[in-house]
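K.L.:
structure for this input, please:
(chains A and B)
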Amino acid sequence: MGKIIGIDLGTTNSVVAIMEGGEPTVIASAEGGRLIPSVVAVNPKNGERIVGQVAKRQAVTNAENTIFSVKRFMGRKFSDVEVQRALKVVP
Amino acid sequence: MDTTEVAPETEAQPNGQTPVTSEDPPAAFQAELDGLRGQLTEAQAEAAKNKDGWLRAVAEFSNFKKRQEADAANIRAYATLGLISKLLPVLDDFNRAVKTLPETLQHMTWIGGVMLIARKMQAIVESEGVKAVEVSPNDAFDPNTHEAVSHDDADGVESGHVIEELQRGYKLGDRVLRPALVRVAK
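P.N.:
This next block holds a predicted model:
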């Protein structure tokens, strides 16, 4: 019987909670926020993965390696019509 | 009749009389024994389960306490964060006003007084431990403390470095209250 963790993977923000004493408790991120932006990026210089608020802050400078609203594309193949259409519109 | 199982009191008495026995005591005794053994096994299993549950609850409680203590320490350290965050735009406005003070008014003592008010507010915020995020042109862009507002061409600025700061950022200890808004060179 391990710890139970609940993840709300939202299109724009995600929230994580754990069960403690039978009640769910939301976990705050390292920055102190309980809502974590659903943004993921890779630093092209060192391959380092960046997530959450920090990823959002560098999105403008690293647009090619930053993904947001990934939930809209999950489960689809890159060649899908939906994905290709979004590629043209989404940064 | 198998006499080896006979209970001592049914052995032939010295006076020669053999007492009358009812149902075979050993069989009834055996049944009761089996029943008790079964109950014992069940009870032991339940005891083991209870003990396991209790140990887990104790461990969970200890984890919970640790988390509560960490949270309480956080709350104490960052209690004023909320209010200070709301006051930051006021500081921004004062800074902007100071920057754009028209030359003709610079010598006015009244203006000097207003500047002192701005400085007093800055001092109060700093006394809470809030510090400005230091960023100068040509610093490396750091998404931990800066937020890129635009990605522009700029001569003389290395790629991935800050062109200029658009809005001051603030941090309280390790935590970033508000990142500095910057323009970054392509």
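K.L.:
list the buried ones in the helix or strand hosting residue B:97?
P.N.:
Assigned by DSSP states H and E, residue B:97 belongs to helix B:81-99. Buried residues in helix B:81-99, counted by 16 or more other C-beta atoms under 10 Å in any protein chain shown: B:81, B:84, B:88, B:91, B:94. To be clear about C-beta, it is placed using only N, CA and C from the backbone, and glycine gets the same treatment.
K.L.:
pLDDT (mean, whole number) over it?
P.N.:
Helix B:81-99 carries an average pLDDT of 86.
K.L.:
get me the contact residues on chain B for chain A.
P.N.:
By the rule C-beta under 8 Å from any C-beta of the partner chain, the part of chain B lying against chain A is B:56, B:60-61, B:63-64, B:67, B:74, B:78, B:81, B:141, B:143-144, B:146-151, B:160, B:175-176, B:179, B:184.
K.L.:
list only buried entries from those residues.
P.N.:
Buried subset of these (neighbour count, 16+ other C-beta under 10 Å): B:78, B:81, B:141, B:143, B:146-149, B:151, B:160, B:175-176, B:179, B:184.
K.L.:
so which of the residues you listed sit within strands?
P.N.:
B:146-149, B:151, B:175-176, B:184 (DSSP state E).
K.L.:
how close does the residue nearest to the spatial centre of chain A sit to residue B:76?
P.N.:
The residue lying closest to the centre of chain A (C-alpha atoms, centre = their mean) is residue A:38, at 2.8 Å. Going from residue A:38 to residue B:76 by C-beta to C-beta, to the nearest Å gives 31 Å.
K.L.:
got it, and residue A:17?
P.N.:
23 Å.
K.L.:
when the two are compared, which one has more neighbours?
P.N.:
Counted by other C-beta atoms under 10 Å in any protein chain shown, residue A:17 and residue B:76 do not tie: residue A:17 has more neighbours, with 16 against 8.
K.L.:
so what touches the helix or strand hosting the more buried one?
P.N.:
Residue A:17 belongs to strand A:13-20 when assigned by DSSP H and E. For strand A:13-20, contacts defined as C-beta atoms under 8 Å, 6 or more residues apart in numbering or on different chains pick out A:3-8, A:24-27, A:34-38, B:60, B:63-64, B:67.
K.L.:
per-residue pLDDT, residue A:50?
P.N.:
Model confidence at residue A:50, given as pLDDT, is 90.
K.L.:
for the one 10 residues further on, same thing?
P.N.:
Residue A:60 is assigned 88 on the pLDDT scale.
K.L.:
give the contact list for it.
P.N.:
Applying C-beta under 8 Å, 6+ apart to residue A:60 gives the contacts B:148-151, B:184.
K.L.:
once you drop chain neighbours, what's closest to the residue nearest the centre of chain B?
P.N.:
Central residue of chain B (C-alpha atoms, centre = their mean): residue B:67, 5.3 Å from the mean position. Nearest residue to residue B:67 in three dimensions, chain neighbours excluded: residue A:20, at 7.3 Å (C-beta to C-beta, 6 or more residues apart in numbering or on different chains).
K.L.:
checking residue A:41 next. Helix, strand or coil?
P.N.:
Three-state call for residue A:41 (DSSP: H, G, I helix; E, B strand; the rest coil): strand.
K.L.:
re the thing from before, next SSE downstream of the helix holding residue B:97?
P.N.:
The first helix or strand that comes after helix B:81-99 along the chain, using DSSP H and E, is helix B:109-127.
K.L.:
identify each buried residue in that following helix, please.
P.N.:
Buried residues in helix B:109-127, counting neighbours by 16+ other C-beta under 10 Å, are found at B:118, B:125.
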